[in-house]
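Peer 1: test case, fold it:
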Amino acid sequence: MNVRFNSIVKVLGVAAALACASSASAQSAGQWTAKFGVNQLTPKVESGDITAPALPGTKADVDSDIQPVLVFAYGLTDNISAEAALGTPYKHSITGAGAIAGTGELATVEALPPTLFLQYRFFEPNAMFRPFVGLGATYAYFMKERGSGKLTAVTNPGRGVPTSFSIDNKFTYTAQVGVAMNFNERWFGDVSVTKTRLRTDVSFSTGQTQHMQLDPVAVILAVGYKF
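Peer 2: Reported below is the predicted structural model:
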């Protein structure tokens, strides 16, 4: 009985030691980390109307997209980090809404929103779980705006001249919340959710305009390495 008890105690001791080892070397002052993951970017759209001669209530919606993301961070102190999030352009489909709901795809656009965060990480550097919050500066850059025949029918009916458009680039801010978990001394995983305040304007080749509130929410799942 005592032999069995001693064996159990030894096993529990080894497990505790492994747990302590796995929680060591979390991000601390002077440490670089890099992580790779996927990001689902979902615009939370409140659309303005396309100005006349479009029908009153002619609005738009924007679909979500998933793309890979690469994130680098540097520990300024044990609790404060700077983080830069980069990735490939997000490809969004723009569809009809409001008075033209159900008309299908009006256009496509690509967006690239590089962001620089300043984060606060809770708990000590050796904690296995470290929740964090951040506030970042984002530059929303739009490119490859392409209209469809349906966009032309909505904005320039009967004239046959294809409608083109552009979306204003914007400098704005992003709020962030997340949690990191250490797998061992070097590898970790984390999940974060961000929301960006993004309002912009669309200008059409017909002279019409449209105001868009996009305010995208992003969910990032990533695996990282501590240098």
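
Peer 1: residue ranges with poor pLDDT in this protein?
Peer 2: The model of the chain has pLDDT under 70 over residues 1-27, 159.

Peer 1: buried sites along stretch 53-67?
Peer 2: 54, 58, 59, 60, 61, 62, 64, 65 (16 or more other CB atoms under 10 Å). Any C-beta I mention is one placed from the backbone N, CA and C, and that applies to glycine too.

Peer 1: which two from these end up farthest apart in space?
Peer 2: Using CB to CB, the two most remote members of the buried residues of stretch 53-67 are 54 and 65, lying 26.0 Å apart.

Peer 1: quick one: which of the buried residues of stretch 53-67 is nearest to residue 171?
Peer 2: For the buried residues of stretch 53-67, the nearest to residue 171 is residue 62 (19.7 Å; CB to CB).

Peer 1: residues touching the spatially closest residue to that closest one that is not a sequence neighbour, list them.
Peer 2: Of all residues not flanking residue 62 in the chain, residue 43 sits nearest, at 4.3 Å (CB to CB, 6 or more residues apart in numbering). Listed by CB atoms under 8 Å, 6 or more residues apart in numbering, the contact set of residue 43 reads 62, 63, 64, 92, 214, 215, 216.

Peer 1: what about 6 Å?
Peer 2: Under the criterion of CB atoms under 6 Å, 6 or more residues apart in numbering, the neighbours of residue 43 are 62, 214, 216.

Peer 1: inside strands: which ones of those residues?
Peer 2: residue 62 (DSSP state E).

Peer 1: can I get the longest strand anywhere in the chain in PDB, CA atoms only?
Peer 2: In the chain, assigned by DSSP E, the strand with the most residues is strand 129-147. Only the C-alpha atoms of strand 129-147 are listed here, as PDB (Å, rounded to 0.1, in the frame of the first residue of the first chain):
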ATOM      1  CA  PHE A 129      -2.400  31.800 -19.200                       C
ATOM      2  CA  ARG A 130      -1.900  35.500 -19.900                       C
ATOM      3  CA  PRO A 131      -5.000  37.600 -20.900                       C
ATOM      4  CA  PHE A 132      -4.200  40.800 -22.700                       C
ATOM      5  CA  VAL A 133      -5.900  44.000 -23.900                       C
ATOM      6  CA  GLY A 134      -4.600  46.300 -26.600                       C
ATOM      7  CA  LEU A 135      -5.200  49.500 -28.500                       C
ATOM      8  CA  GLY A 136      -3.800  50.000 -31.900                       C
ATOM      9  CA  ALA A 137      -3.400  52.300 -34.900                       C
ATOM     10  CA  THR A 138      -4.800  50.900 -38.200                       C
ATOM     11  CA  TYR A 139      -4.400  52.100 -41.700                       C
ATOM     12  CA  ALA A 140      -7.300  50.700 -43.900                       C
ATOM     13  CA  TYR A 141      -6.100  50.500 -47.500                       C
ATOM     14  CA  PHE A 142      -8.500  49.600 -50.200                       C
ATOM     15  CA  MET A 143      -7.500  48.300 -53.700                       C
ATOM     16  CA  LYS A 144      -8.700  46.500 -56.800                       C
ATOM     17  CA  GLU A 145     -12.300  47.900 -56.600                       C
ATOM     18  CA  ARG A 146     -14.200  46.200 -59.400                       C
ATOM     19  CA  GLY A 147     -17.900  46.800 -60.200                       C
END
